[in-house]
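**Q** build me a model:
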Amino acid sequence: MKLTRIVYTVFVCHTLFAQTVSDYSATTNAIIKASLKDSATYDRLSELCDTFGPRFSGSKNLEDAIDWILNEMKNDNLDNVHAEGVLVPHWVRGEESAELMVPHRKNLNMLGLGGSISTPRTGICAEVLVVKDFNELEERKAEAKGKIVLFNAEFTSYGKTVQYRYSGASEAAKVGAVASLIRSVGPYSMDTPHTGVMKYEDGVRKIPHAAITVEDAMMLQRMQDRGQKIVVKLKMSAKMFPDAKSRNVIAEIRGSEKPEEIVVIGGHIDSWDVGQGAMDDAGGCMVAWDALNVIQSLGLKPKRTIRCVLWTNEENGLGGGKAYRDAHLDELPNHILAVESDGGVFAPEGFGFTGSPKALEIIREIGTLLEPIGAGTIKVGGGGADIGPMKPFGVPQAGLHVEGSKYFWFHHTNADMMDKLDPQEVNKCKAAMAVLAFIVADMPERLPRVKKE
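**A** Numbering: from 1, shown residues only. The predicted structure follows:
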């Protein structure tokens with residue numbers, strides 16, 4: 001009898017969740033229709049990217065873009081538009097080059113990795129040792145002293161391959177290398193090097209660290225395999241300055257009944273110092289921002305507050321995410337859900353979700369309403385770098401999932417430009433963010449959290 005009651009209770013609860021969510025069917029359709037009606041979001045995203053260019057932490061471009069966003073948000077008549085100060089790292093790459101000297105002369109397209117030190121003014125000219133991974137470096141460490149080590153690691157996944165970008169310099173320095181290079185972290189290349197953050201290990205000598213293209217890394221591998229001597233000259237004038245002032249940007253639709261309870265949506269406004277950062281992550285910022293505008297344009301008044309946050313300094317420090325957490329510690333118990341878009345704004349497929357099993361059921365019910373735009377798949381496990389600092393405080397997390405098969409083609413390169421994005425795919429991402437945020441913010445009951453032990 002007890003088991004029967006438990007099963008019945010679960011069934012009733014699930015049915016009530018489904019009924020509650022299904023009540024939002026007409027609202028969802030209205031949000032989707034309004035989101036898809038024109039190219040206004042794409043056009044404003046294009047204006048942001050074309051006007052201000054790349055928005056690297058510590059740069060004038062970033063701060064000018066933030067000023068513009070604040071003014072635009074106020075013109076949109078959103079609630080509580082303001083900025084919150086954040087200290088961010090300030091690294092400048094300066095002039096840089098890599099040149100193959102032997103067996104023939106060739107300019108190697110390259111990008112220094114964020115946080116790298118410079119070479120001496122005259123550069124470093126040395127023989128190259130090519131290795132495929134850290135294991136091969138260990139096996140051939142006797143050959144590495146005084147050389148430039150190139151990690152020619154084939155892309156398998158971003159999470160696995162990025163270790164050579166992040167830790168390669170210190171691993172090469174441990175065996176006596178004078179500089180290190182990596183094959184750019186990406187599955188496809190048209191002579192496009194990829195930058196990104198790197199880190200030096202405490203107590204290990206610092207050496208310059210840069211990325212070359214997939215094509216050139218494979219060429220150097222072939223040269224070594226046939227026994228040819230390889231010499232490269234590397235010049236980098238990178239410099240780290242004292243931390244600079246930046247800002248997180250906040251705008252809201254204030255809740256009509258429970259304004260102290262908050263659903264957060266957003267992306268990161270900073271980018272690397274190449275390309276435009278259109279897909280990483282101006283697009284994510286724009287779909288979150290215009291999700292508020294769509295909801296507002298329809299005259300919808302959620303019970304809870306929906307807060308859009310555009311975080312600064314995700315790319316090389318996560319200063320914005322940590323500063324937001326610290327500034328809003330008292331509010332975190334009332335953060336109902338945090339949603340981030342940081343994987344490009346291509347055709348949306350759904351969301352990844354991290355939270356309680358009951359909350360997952362609700363999010364999956366909401367997903368069924370997004371099936372008309374192909375965004376109904378809800379996977380277990382999701383979030384984002386900027387909302388990650390809130391996770392230990394029990395805040396449920398969701399990350400927008402998109403058809404991202406080409407994302408890492410352009411990630412952290414000069415090719416991250418507006419032309420990679422499609423206006424209707426951007427609109428569908430906006431619709432998915434708006435629907436999820438509005439329903440969670442407006443449901444009679446707050447999204448259940450994982451119970452504390």
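
**Q** okay, now E261: neighbour count?
**A** When neighbours are defined as other C-beta atoms under 10 Å, E261 has 21 of them. Just so you know, the C-beta spots here come from the backbone N, C-alpha and C atoms, and that holds for glycine as well.

**Q** so what strands line up beside the helix or strand harbouring it?
**A** Using DSSP states H and E, E261 falls within strand 258-268. Next to strand 258-268 in the sheet, as set by DSSP bridges, lie strand 304-311 (parallel), strand 335-340 (parallel).

**Q** residue nearest the centroid of this structure?
**A** Nearest residue to the geometric centre of the chain (C-alpha atoms, centre = their mean): D342, 3.8 Å.

**Q** check contacts around R254.
**A** D79, N80, T305 (C-beta atoms under 8 Å, 6 or more residues apart in numbering).

**Q** output the lowest mean pLDDT helix or strand found in the protein.
**A** helix 2-22 (a mean of 53; mean pLDDT, DSSP states H and E).

**Q** next structured bit after that helix?
**A** helix 25-35.

**Q** and that following helix, what does it pack onto?
**A** Helix 25-35 makes packing contacts with helix 283-297, helix 423-442 when contacts are defined by 3 or more C-beta pairs under 8 Å, 6 or more residues apart in numbering; DSSP states H and E.

**Q** report the angle between the axes of that helix and helix 283-297?
**A** Following axes from the mean of the first three to the mean of the last three C-alpha atoms, to 10 degrees, one obtains 120 degrees for the angle between helix 25-35 and helix 283-297.

**Q** could you pull up the mean pLDDT of helix 25-35?
**A** Helix 25-35 comes out with an average pLDDT of 98.

**Q** how about residues contacting it?
**A** With C-beta under 8 Å, 6+ apart, helix 25-35 has contacts from 41, 294-295, 297-298, 300, 369-370, 372-373, 427-428, 430-431, 434-435, 438-439.

**Q** please, a ChimeraX command that selects the buried ones among those?
**A** If you want just the buried ones from the contacts of helix 25-35 in ChimeraX, going by 16 or more other C-beta atoms under 10 Å, the selection is:
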select :41,294,295,300,369,370,373,427,428,430,431,434,435,438,439
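
**Q** quick one: secondary structure of the residue nearest to the centre of the chain?
**A** Per DSSP: H, G, I helix; E, B strand; the rest coil, the local secondary structure of D342 is coil.

**Q** quick check, it in contact with G383.
**A** No: judged on C-beta atoms under 8 Å, D342 makes no contact with G383 at a distance of 9.7 Å.

**Q** overlap of the contact sets of these two?
**A** G399.

**Q** what helix or strand is R205 on?
**A** Secondary structure (DSSP H and E) places R205 outside all helices and strands.

**Q** contacts only, for it.
**A** A173.

**Q** with C125 as the reference, measure out to it.
**A** 19 Å (C-beta to C-beta, to the nearest Å).

**Q** equivalent analysis for L48, please.
**A** Distance, L48 to C125, using C-beta to C-beta: 42 Å.

**Q** what does E315 give?
**A** Counting by C-beta to C-beta, the gap from E315 to C125 is 31 Å.

**Q** neighbour-wise, which of these two wins?
**A** E315 (25 against 17).

**Q** pull the contacting residues for H82.
**A** So H82 contacts L70, I250 (C-beta under 8 Å, 6+ apart).

**Q** phi, psi for it please.
**A** phi -160, psi 170 (degrees, to the nearest 10).

**Q** same question, T368
**A** Torsion angles, degrees, to the nearest 10, at T368: phi -60, psi -30.

**Q** what about the closest residue to Y407 other than its chain neighbours, how many residues nearby?
**A** Nearest residue to Y407 in three dimensions, chain neighbours excluded: G344, at 4.6 Å (C-beta to C-beta, 6 or more residues apart in numbering). By the measure other C-beta under 10 Å, the count of residues near G344 is 26.

**Q** which residues does G344 contact?
**A** So G344 contacts M279, D280, G283, G284, V402, G404, Y407, L421 (C-beta under 8 Å, 6+ apart).

**Q** nearest residue to the fifth one in space, please, no chain neighbours.
**A** When you say that, I think you mean V402. Using C-beta to C-beta, 6+ apart, the closest residue to V402 is F346 (4.3 Å).

**Q** make sure that neighbour is indeed in a helix.
**A** No: looking at F346 with three-state DSSP, it is coil, so not inside a helix.

**Q** contact partners for it?
**A** M279, V402, E403, G404, K406, Y407, L421, D422, E425, C429.

**Q** of these, buried ones?
**A** For the contacts of F346, a burial check counting by 16+ other C-beta under 10 Å picks out M279, V402, Y407, L421, E425, C429.

**Q** these two touch, right, the third one and A278?
**A** No: counting by C-beta under 8 Å, Y407 sits too far from A278 to count as a contact (11.8 Å).
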